[in-house]
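Asks: With the input below, show me the fold.
(one chain, ligands or ions: 1)
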Amino acid sequence: MQIRDRVISGGQSTSNGHSNGISNGVANGTTHSKTMKPVASWGRAWSVDTKTVLGCLFLLTLCPLMPIFFNDACTNHECSLKKTLLNWTFKGPPFAHFANRVWSSLYPTMLLYLTWITGQVVLALLPDIVHHIFPSYVGGIRMGAVTPAGHSIKYRINGLQAWLITHFAWFLNAFYLHWFSPAMLFRLWGPLLVVVNILAYSLSFFVYIKGIFFPNHPDDCKQSGSAIYDFVMGIEFNPRVGLFDFKLFFNGRPGIVGWTIINLSYAWYQLETYGFVSDSMILLNILQAIYVLDFFWNEAWYLKTIDICHDHFGWMLAWGDLVWLPYMYTLQGFYLAHNPVILGPEKSISILVLGLLGYVIFRTCNAQKDRFRAKKDNCLIWGKRPNYIKCVFTSSDGKQHDSTLLYSGCWGIARHLNYTGDLMGSLAYCLCCGTDHLLPYFYFVFILMLLVHRVYRDEHRCSAKYGTYWDEYTRRVPYRLIPFIY
Ligand code: NDP
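Replies: Residues are numbered from 1 along each chain as shown. I've put the predicted structure just below:
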C-alpha cells in the first residue's frame, strides 16, 4: 500500500519566510480575507529525528513499569515511594510476584475483563445495531472536525447512556443481586494489570498493521520512516472496522466509564475492610464523577478535541486508554483504599471549593468555544457579542476551509484557560489524600506535564495551520495558562 505523500497546507507564511500582511485578514468577527495563500504544513510530523525515536523507546520501556511500581508501592510497601524504589533497586521489579498473582486468579480476572470489554463494545454499538434493525431510528449522529485530508467523519454517540447503564448494573449488583463483590475489581487490580497490558499491546500491533495494509482513509495516514515512532504515535487517523470506531471507543469508553466504577470499587473495599467510607473517599468519588459525567454529557464536544481531531491511533492512545488511564488516574482512590484519610469539614469544604472552581473554569472555557464555533455571531459570551478572528486554512485535497479563533470570554484571558481549570481540579483530587505521602500527587505532576506539553504541541500545530492568523491571536491573547504569569 502506498501512502499518498501530499503535503497538507495551512498557515500563510510566504515562501521567502515573511508573513503576509494580516491587517485586512483579521477582524473582530466582521471582515474576512481570502487573499492570503496558505502554504505551511499542519497535522502530525512526516519525519522524525533520532532523539524522538529514542524518546518513543523510553516511553515504551518506562511507562508499562510505572503502574506496576505504584501498584507494588501500595500493596507491599505502605504506599511509600522511597521504600518501593529501594526494594526495586536491590531486588528488581517484582515480576515473579505479579506472575504468581495472575496465575492464581487467572480465571476470574479474564472473565471479569472479557465481560467488561464485551459489554462496553455492545453498549457502544447499540445505536448502530438498533438503526440497522429499525432504519427510522437515527440516534445521536454528530460530525467530527475536518481531517487534514479533508474528510468529515460521522459519529453516533451514546456515551451517557452507556455510562448510566453500566453504573445502574453496578448498583443493582451491589445492593440487590449480590452476584459478585462490588470490591472485586480492587481485589483483582494487580492481576488485571497483566490482562489489560496484553490487550493494549495486541490492539497496538493490530492498528499498526491495519494502518499499513488496510486503512480506512489512506490519505489521512502518516508514516514517518521510523517503525518505532509509527507504532507509538499511530499511522491511521480514524481506524474503523465496520461501524466500530477505535479511537472514540478506546479513548472514551472502557477507561473513562471504568474510572467511576473503579472509584466505587475502592470505596466499597474501604467499607468492607474498615466498616466506613472516609470523607476523603466520598469527596474524591464526587469530584471525579463530576468530571466523568461532564465528559459524557458533552460527548459531542469531545469530537472536537485534540484527542479525536489531531492524534493518530497507535500505542500511545491504545495503551494509554486501556492501561495508563484506569491505573494512574485512579491512583488517589487506590491510595485511600489503603489509607482511609479523614479530612474533617474545613479541609473537605476547601478542597471541594477548589475542585468545583476548577471544574467551572474548565467547563465554561470549553462551552464558550463549543457554542461560539457552532453559532458564531448568534451567541453571547459573558453577555456580549463574541470577538474573533476569521481564518482560512487548506487541507491536503487543496480545498480551503473557513475557521475562527475566539478571543473573548475565557479565550481572551489566556489561550488555554481550560487546561488551568483542569489542573485546579487535578490538584483537588490529590489533596483529598492529605499530605502524608507523595504517591497520590503523581497524578497532578503528570497532568501538569501533559497539559504544558500539549500547550506547545497544539500551538505548534495551530501556528502551522493558521499562520499569521494565529500570530495575530497570540498578540491579542499573550498568556498561555495564567494571566500575567505564563
Ligand atoms: P482544546 O479544547 O483547547 O482544543 C484545542 C483546539 O481548539 C485547537 O487545536 C484549535 O483547533 C482550537 N482552538 C484553539 N484556540 C482557539 C480559539 N481561540 N478559538 C476557537 N478555537 C480555538 O484542547 P484539548 O482538546 O487538548 O482539550 C480539551 C479539554 O480536555 C481541555 O479542557 C483539557 O483540559 C482536557 N484534557 C484533559 C486531559 C486529561 O487527561 N485529564 C488530557 C487532555 C485534555 P482547530 O484546529 O479546530 O482550530
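Asks: From now on I want contacts and neighbour counts done on CA atoms only, so please keep to that.
Replies: Fine.
Asks: per-residue confidence at His401?
Replies: You'll see His401 listed with a pLDDT of 86.
Asks: begin at 15 from here
Replies: Sure, I'll start numbering at 15, so the last one becomes His415.
Asks: Go ahead and confirm it touches Tyr480.
Replies: No. His415 is not in contact with Tyr480 according to Cα atoms under 8 Å; the separation is 10.8 Å.
Asks: More neighbours: the two, which one.
Replies: Between His415 and Tyr480, counting by other Cα atoms under 10 Å, Tyr480 is the more crowded of the two (29 against 13).
Asks: How much space separates Tyr421 from Glu486?
Replies: Taking Cα to Cα, to the nearest Å as the measure, Tyr421 and Glu486 are separated by 10 Å.
Asks: Which one of those two is surrounded by more residues?
Replies: Residue environment comparison for Tyr421 versus Glu486 gives the larger neighbour count to Tyr421, 21 against 18, counting by other Cα under 10 Å.
Asks: residue contacts, that one?
Replies: Pro400, Asn401, Tyr402, Ile403, Tyr487, Arg490, Val491 (Cα atoms under 8 Å, 6 or more residues apart in numbering).
Asks: wait, which of those residues is closest to Tyr500?
Replies: Comparing the contacts of Tyr421 against Tyr500 with Cα to Cα places Val491 closest, at 11.4 Å.
Asks: my guess is the closest one meets Ala428, correct?
Replies: Yes. A contact is recorded between Val491 and Ala428 when judged using Cα under 8 Å, the distance being 6.1 Å.
Asks: Who has more neighbours out of those two?
Replies: In this view Val491 and Ala428 are compared by other Cα under 10 Å, and Ala428 has more residues nearby, 24 against 18.
Asks: give the contact list for the more buried one.
Replies: With contact set as Cα under 8 Å, 6+ apart, Ala428 has these partners: Val491, Pro492, Tyr493, Arg494, Leu495, Ile496, Pro497.
Asks: all strands for the protein, in order.
Replies: 155-160, 166-170, 254-255, 258-259, 402-408, 414-420 (DSSP state E).
Asks: Return the most buried member of these.
Replies: When these are scored by mean count of other Cα atoms under 10 Å, the highest mean neighbour count falls to strand 402-408 (a mean of 24).
Asks: Report the set of residues contacting both of His415 and Tyr480.
Replies: Both His415 and Tyr480 are in contact with Val406, Phe407, where contact means Cα under 8 Å, 6+ apart.
Asks: Distance of Ile179 relative to the ligand?
Replies: When Cα to the nearest ligand atom, to the nearest Å is the yardstick, Ile179 and the ligand sit 23 Å from each other.
Asks: count of residues packed around that residue?
Replies: 12.
Asks: Do you know the pLDDT at it?
Replies: On the pLDDT scale, Ile179 is placed at 96.
Asks: for Asp259, same thing?
Replies: Asp259 is assigned a predicted lDDT (pLDDT) of 91.
Asks: Quick check: buried residues in stretch 243-263?
Replies: By neighbour count, and taking 16 or more other Cα atoms under 10 Å as the criterion, the buried residues in stretch 243-263 are 243-254, 259-263.
Asks: same question, stretch 290-304
Replies: Neighbour-count burial for stretch 290-304, counted by 16+ other Cα under 10 Å, picks out 291-303.
Asks: would you turn those residues into TSV with pLDDT and distance to the ligand?
Replies: Output for those, formatted as TSV (pLDDT from 0 to 100; distance: Cα to the nearest ligand atom, whole Å):
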residue	pLDDT	distance to the ligand
Val291	97	25
Ser292	97	24
Asp293	97	23
Ser294	97	20
Met295	97	19
Ile296	98	20
Leu297	98	18
Leu298	98	15
Asn299	98	16
Ile300	97	16
Leu301	97	13
Gln302	97	10
Ala303	97	13
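Asks: Verify the stated contact: Cys393 with Asn401.
Replies: No. Contact between Cys393 and Asn401 fails when scored by Cα under 8 Å: they sit 10.9 Å apart.
Asks: who has more neighbours, the two?
Replies: When Cys393 and Asn401 are compared on other Cα under 10 Å, the one with more neighbours turns out to be Asn401, at 22 against 16.
Asks: Need the pLDDT of the more buried one.
Replies: pLDDT, Asn401: 92.
Asks: Check the gap between it and Ile226 for me.
Replies: Counting by Cα to Cα, the separation of Asn401 from Ile226 is 44 Å.
Asks: can you pull the contacts of Thr490?
Replies: Just to correct that, residue 490 is Arg rather than Thr. Arg490 is in contact with Tyr421, Gly426, counting by Cα under 8 Å, 6+ apart.
Asks: List the contacts of Phe386.
Replies: Under the criterion of Cα under 8 Å, 6+ apart, the contact partners of Phe386 comprise Cys393, Pro400, Leu420.
Asks: The ligand contacts on the stretch 315-464 of the chain?
Replies: Proximity of the stretch 315-464 of the chain to the ligand is assessed by Cα under 6 Å from any ligand atom, with 319-321, 376, 383, 418-421, 425, 430, 432-433, 436 identified as the residues in range.
Asks: make it 5 Å
Replies: Thr319, Ile320, Leu419, Leu420, Asn432, Tyr433, Asp436 (Cα under 5 Å from any ligand atom).
Asks: Most widely separated two among these?
Replies: Considering Cα to Cα, no two members of these lie farther apart than Leu419 and Asp436, which are separated by 21.2 Å.
Asks: Looking at the stretch 15-164 of the chain, what residue ends up closest to the ligand?
Replies: In the stretch 15-164 of the chain, no residue comes nearer to the ligand than Ala159, which is 7.0 Å away by Cα to the nearest ligand atom.
Asks: Correct me if wrong: that residue contacts Tyr316.
Replies: No. Counting by Cα under 8 Å, Ala159 stays clear of Tyr316, with 10.6 Å between them.
Asks: tell me the mean pLDDT for the longest helix anywhere in the chain?
Replies: Secondary structure of the chain per DSSP state H: the longest helix is helix 358-389. In this model, helix 358-389 has a mean pLDDT of 95.
Asks: can you check stretch 421-429 too?
Replies: pLDDT averaged over stretch 421-429 equals 94, rounded to a whole number.
Asks: State the phi and psi torsions of Ile356.
Replies: In terms of degrees, to the nearest 10, the main-chain angles of Ile356 are phi -100, psi 120.
Asks: so what's it up against?
Replies: By Cα under 8 Å, 6+ apart, the residues touching Ile356 are Ser292, Asp293, Ser294.
Asks: Out of those, list just those in helices.
Replies: Judged by DSSP H, helices contain the following of the contacts of Ile356: Asp293, Ser294.
Asks: Could you list the residues in contact with stretch 249-257?
Replies: The list of residues contacting stretch 249-257 from outside it, by Cα under 8 Å, 6+ apart, reads 139, 142, 221-222, 224-226, 229-232, 234-237, 259-261, 324-328.
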